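Asker: Provided below for reference: sequence and predicted model.
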Amino acid sequence: MGMNIGNSRQGEEDEVMVEMNTTPLIDVMLVLLVMLIITIPIQLHSVNIDMPSGTPPPQQIEPEVISIDVTPTNEVLWNGQPLAGSDALEAKLQAAAAMPVQPEIHVRPNRAARYDTVARVLAASQRYGLGKIGIVGSEQFAQ
């Protein structure tokens, strides 16, 4: 049992302290905590990963870039080489569509080129199923 030391008055009888002394309880809990920490095995910071087996996937082949220019005189150039007519353009586009990897078509119209010539190139590309078509140099039309 504990006694109250600080509140005693002279001449009065000492009162018994009713509160529980928690200091030994805390000491026991700290000792148990230290024992628990010591007995836990040290875990390594490693992660087990299931690695895939087999061959890696094949590397992706970069598509060929085909540049189609439309000059101010409405002449169509295939990678810088002039084409004889619309039949030559259709034959080149058909050959490009038959490639195993679909090429990228970069259409570069001149500002002075007629719209119907550019539209004919785009329509022929779409007709043969070429989906990777882009118009290059469109910032010249924003001026």
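Answerer: Perfect, thanks for sending it.
Asker: what about this protein, any weak spots by pLDDT?
Answerer: Scanning the chain for pLDDT under 70 picks out the ranges 1-12, 44, 138, 140-143.
Asker: ok, which stretches of it are helices?
Answerer: Assigned by DSSP state H, the helices in the chain fall at 23-39, 86-97, 115-127.
Asker: and the ones you listed as CSV, adding distance to Val70 and mean neighbour count?
Answerer: Every residue, glycine included, has its C-beta placed from N, CA and C. Shown next, in CSV, are the helices of the chain (distance: least, Cβ to Cβ, whole Å; neighbours: other Cβ atoms under 10 Å):
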stretch, distance to Val70, mean neighbour count
helix 23-39, 78, 9
helix 86-97, 11, 15
helix 115-127, 5, 15
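Asker: could you export the ones you listed as a markdown table, including distance to Pro52?
Answerer: A markdown table is the format used below for the helices of the chain (distance: least, Cβ to Cβ, whole Å):
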| stretch | distance to Pro52 |
| --- | --- |
| helix 23-39 | 38 |
| helix 86-97 | 35 |
| helix 115-127 | 39 |
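Asker: who wins for proximity to Val107 among these?
Answerer: helix 115-127 (5.9 Å; Cβ to Cβ).
Asker: just the CA coordinates for that closest one, please, in CSV.
Answerer: C-alpha atoms of helix 115-127 as CSV (Å, rounded to 0.1, in the frame of the first residue of the first chain):
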residue,chain,number,x,y,z
TYR,A,115,-6.8,21.5,-102.3
ASP,A,116,-8.2,18.9,-104.6
THR,A,117,-4.7,17.5,-105.2
VAL,A,118,-4.0,17.1,-101.5
ALA,A,119,-7.5,15.7,-100.9
ARG,A,120,-6.9,13.1,-103.7
VAL,A,121,-3.7,12.0,-102.0
LEU,A,122,-5.4,11.6,-98.7
ALA,A,123,-8.4,9.8,-100.1
ALA,A,124,-6.2,7.3,-102.0
SER,A,125,-4.2,6.7,-98.8
GLN,A,126,-7.4,6.0,-96.9
ARG,A,127,-8.8,3.8,-99.7
